[in-house]
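Asks: no sequence for this one, just the structure:
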């Protein structure tokens, strides 16, 4: 029995990874709208068997990212703005729910860790602003700040103590983490440091988590996520998070 369970887990994990790889390729434009794909072709490109590819294609069809135009013909869908808007609304709601769970279940040690991470981020931000004013290179320091804030994001997710919910958020991302990071770096290299200077949101979220105020935590995250994902302000913030990043709730 134990052997069968392990084989099943391995198959499911591979199928899930294949799904995410194809989905990310679609969203990044590597697989463009209208492009024809085949199970065999994707399997070769991903170095996997056709079975996980077949499952990934089914899931992507259900999500509207792939269209089956014939018995053996599958093409990448051309997502309309309305479809992206719908997807963003789902992502916002799920991120808010993660924050609600985090307020209920985060431990004292986890919340202390969040404050410590923000202290580290504040120090890095000050250094970046100083070096930028002196016209000195800041790319390495920005990279360190992004990594630090990803630790914040991961810790907020851990506070929820609900990996299933966090996994659902991962599946509904409008933009991948790599895309968000690239967009943020473009803003910064263009001289817009305001994308970094918004730690009030993070501090407010931690306060709500400490107060066990699930409604406030959810509201804070959803309001910020709506601004970043639904176009009410330019996409900014330090990295993305399922429940804790500035532009990603």
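Replies: Perfect, thanks for sending it. This one's a predicted model, so the numbers in the text were calculated from it and none came from an experiment. Numbers count the residues shown, from 1 in each chain.

Asks: Which strand or helix spans residue 69?
Replies: strand 66-70 (DSSP states H and E).

Asks: Now do that strand: everything it contacts.
Replies: By C-beta atoms under 8 Å, 6 or more residues apart in numbering, the residues outside strand 66-70 that reach it are 26, 37, 57, 60, 61, 74, 75, 76, 77. Using the backbone N, CA and C atoms, a C-beta is placed for each residue, glycine as well.

Asks: Among the residues you listed, which has the minimum pLDDT value?
Replies: When the contacts of strand 66-70 are sorted by pLDDT, the bottom entry is residue 26 at 82.

Asks: give the contact list for that one.
Replies: 60, 65, 66, 76.

Asks: Before we move on, what's the pLDDT of residue 176?
Replies: In this model, residue 176 carries a pLDDT of 65.

Asks: ok, back up a step: now restrict the contacts of strand 66-70 to buried residues only.
Replies: Those of these that meet the buried threshold are 26, 37, 57, 60, 74, 75, 76, 77, by 16 or more other C-beta atoms under 10 Å.

Asks: Need the contact partners of stretch 103-120.
Replies: Contacts for stretch 103-120 (C-beta under 8 Å, 6+ apart): 148-149, 151-152, 155-156, 158-162, 199, 202-203, 206, 208-214, 216-218, 244.

Asks: just to revisit the earlier point, so which of the buried ones among the contacts of strand 66-70 belong to helices?
Replies: Mapping the buried ones among the contacts of strand 66-70 onto helices (DSSP state H) picks out 26, 57, 60.

Asks: now the one helix or strand residue 154 maps to: mean pLDDT?
Replies: Assessed by DSSP H and E, residue 154 sits inside helix 139-160. When pLDDT is averaged over helix 139-160, the result is 90.

Asks: try stretch 86-98
Replies: Rounded mean pLDDT across stretch 86-98 is 89.

Asks: hang on, the earlier thing: give me the buried stretch members for the strand holding residue 69, please.
Replies: residue 66.

Asks: cool, stretch 107-118 as well?
Replies: Result for stretch 107-118 [16+ other C-beta under 10 Å]: buried residues 110, 111, 113, 114, 117, 118.

Asks: got TSV for those, with secondary structure too?
Replies: Output for the buried residues of stretch 107-118, formatted as TSV (DSSP: H, G, I helix; E, B strand; the rest coil):
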residue	secondary structure
110	helix
111	helix
113	helix
114	helix
117	helix
118	helix
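
Asks: Can you tell me which of the residues you listed comes closest to residue 99?
Replies: Residue 99 has its nearest neighbour among the buried residues of stretch 107-118 in residue 114, at 12.1 Å by C-beta to C-beta.

Asks: ok, now how distant is that closest one from residue 150?
Replies: 13 Å (C-beta to C-beta, to the nearest Å).

Asks: can you map out the helices along the protein?
Replies: 2-28, 39-46, 50-62, 81-105, 108-133, 139-160, 163-171, 177-189, 199-210, 214-229.

Asks: Packed most tightly, which of these would that be?
Replies: helix 214-229 (a mean of 22; mean count of other C-beta atoms under 10 Å).

Asks: can you list the domains in this structure?
Replies: Following automatic domain parsing, the chain resolves into domains at 2-76, 82-229.

Asks: picking that back up, out of the contacts of residue 26, which one sits closest to residue 122?
Replies: residue 65 (39.1 Å).

Asks: Now do the phi/psi pair for the closest one.
Replies: Here the main-chain torsion angles of residue 65 (degrees, to the nearest 10) amount to phi -90, psi -20.

Asks: picking up where we left off before, from the contacts of residue 26, pick the one nearest residue 89.
Replies: residue 65 (16.8 Å).

Asks: my guess is that closest one contacts residue 23, does it?
Replies: Yes. The pair residue 65 / residue 23 is scored as a contact, 6.4 Å apart, by C-beta atoms under 8 Å.
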